[in-house]
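# Predicted model, plus sequence, below.
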Amino acid sequence: MDCKFCKYKSEAFQELTDEQLFKVDEHRVEMSFKQGELLSKQGMLMSHIIYIKEGFAKLYQENNGELIIIGIAQPGAFVGVQALYSGSVFPFSVEAMTDTEVCMKDINVFRELVLENSGFAKGIIEVLNANLIQAYDRMFSLTTKQISGRFAELLYFLRNVLYRSNPFDLTISRKEVADLISTTPESISRLINDFRKEGIIEVKGHTVEITDPDKLESLCQCKSLHAYKV
């Protein structure tokens with residue numbers, strides 16, 4: 001389906017003219033990725049901006065063998081727009097957390113549209129502003145909250161933002177959960193046991209149910225609930 005009639009079209013792209021949408025169509029590629037596959041690699045040359053149509057992807061940076069998850073891209077997210085004018089390489093890696101459908105939009109066409117269409121440029125600036133605020137929220141959470149508060153906040157995010165379901169089937173590993181809140185898988189196991197004993201959650205296999213949402217919200221204070229997405 002071309003961009004003009006695409007049901008996944010972002011608010012920024014709704015500002016484009018038919019002629020501009022046709023230009024995007026001529027220089028884009030739709031791709032599918034299985035869970036665990038890389039969409040892009042840190043340091044790889046940037047030729048496209050990635051638009052998430054369906055599924056979820058994690059963004060992470062690597063340094064001396066250490067991996068730090070910096071966010072989760074969900075449907076409607078632009079990935080790579082953060083580095084649109086700051087260099088020619090991806091500043092992070094992107095990996096599918098679930099089966100994921102994306103639209104790869106030519107970065108040069110993207111830059112042209114920013115200059116040509118003020119409504120589109122405004123939409124992209126709003127995306128960048130939202131990303132910056134979410135980065136601040138994440139930094140605040142990681143530096144000021146105790147580990148139980150960070151875990152509660154992540155559970156709230158998983159239920160209300162990522163999966164939008166209760167109960168929900170956890171599609172990420174305990175290692176990834178640990179990376180998201182800067183702790184260890186062993187600590188996650190202890191937190192799960194503590195939360196179960198307190199009646200906050202119930203876990204059966206990979207299925208997690210929030211059984212006391214009021215207590216969960218009290219623990220996380222609900223101030224940075226979108227800190228993990230981009």
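Structure received.

# Three-state assignment for the residue nearest to Val203 when sequence neighbours are not counted, please.
Excluding the flanking residues, the one nearest Val203 by Cβ to Cβ, 6 or more residues apart in numbering is Ile192, at 6.0 Å. From N, CA and C alone the C-beta is placed, and that goes for glycine too. Secondary structure of Ile192, reduced to three states by DSSP: H, G, I helix; E, B strand; the rest coil: helix.

# Show me the shaky parts of this structure.
Along the chain, the parts satisfying pLDDT under 70 run over 1, 221-230.

# can you give me the strands for it?
With strands called from DSSP state E, the chain shows them at 28-33, 38-40, 48-54, 57-63, 66-73, 78-79, 93-96, 100-106, 168-169, 201-204, 207-210.

# how does this structure divide up, domain by domain?
3-140, 146-220 (automatic domain parsing).

# count of neighbours near the nearest residue to Cys3 once chain neighbours are set aside?
Closest residue to Cys3 in three dimensions, ignoring its sequence neighbours and counting by Cβ to Cβ, 6+ apart: Leu21, at 4.3 Å. Using other Cβ atoms under 10 Å, Leu21 is surrounded by 19 other residues.

# likewise the one 5 residues further on?
Other residues near Glu26 come to 11 when the count uses other Cβ under 10 Å.

# Also Gly76?
14.

# Report the contact partners of it.
Tyr8, Ser10, Ile52 (Cβ atoms under 8 Å, 6 or more residues apart in numbering).

# let's see 7 Å
Neighbour list for Gly76: Ser10, Ile52 [criterion: Cβ atoms under 7 Å, 6 or more residues apart in numbering].

# and if you look at Leu39?
By Cβ under 7 Å, 6+ apart, the neighbours of Leu39 are Phe33, Ile50, Ala57, Val94, Glu95, Ala96, Val102.
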